[in-house]
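*Asks:* Could you work out the structure for the sequence below:
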Amino acid sequence: MRRLLGELRAPEGVEPVAALVRERKSTDGPYFTFCVKALQSLGEIGTPEAVGFPRGIATGDPAVWPDPLRWHAAEELGIEDELGFDEDRMLGGS
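*Replies:* This next block holds a predicted model:
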């Protein structure tokens, strides 16, 4: 999925992909494999709308977005250090 959407750079895919992430965030854990691939796809699309969605997750309310998703969204955008995220803590490590 990531490669296909990234190569297409299809901005019309942003909202459907974002909707899937919103729908699956409560059932895709603990590893969030589907959601992470979807966030990577959005990063590949690269439009302001496409990167705005993961930015909203990364900077969003931890009560709404699980820490692993917040980490992966920030990592996709390269802002995890800027946000002061601790990978081990957010991904459930030591």
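*Asks:* Show me which residues of the helix or strand hosting residue 56 are buried.
*Replies:* Assigned by DSSP states H and E, residue 56 falls within helix 48-58. In terms of neighbour count (16 or more other CB atoms under 10 Å), helix 48-58 has its buried residues at 50, 51, 53, 54, 55, 57, 58. Where you see a C-beta, it was placed from the backbone N, CA and C, and this is true even at glycine.
*Asks:* Show me what that helix packs onto, helices and strands only.
*Replies:* helix 14-24, helix 33-45, helix 67-77 (3 or more CB pairs under 8 Å, 6 or more residues apart in numbering; DSSP states H and E).
*Asks:* any chance of those helices in CSV, with distance to residue 87 and mean neighbour count too?
*Replies:* Formatted as CSV, the helices and strands packed on helix 48-58 follow (distance: least, CB to CB, whole Å; neighbours: other CB atoms under 10 Å):
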stretch, distance to residue 87, mean neighbour count
helix 14-24, 20, 16
helix 33-45, 14, 21
helix 67-77, 6, 22
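*Asks:* Many thanks, I have nothing further to ask.
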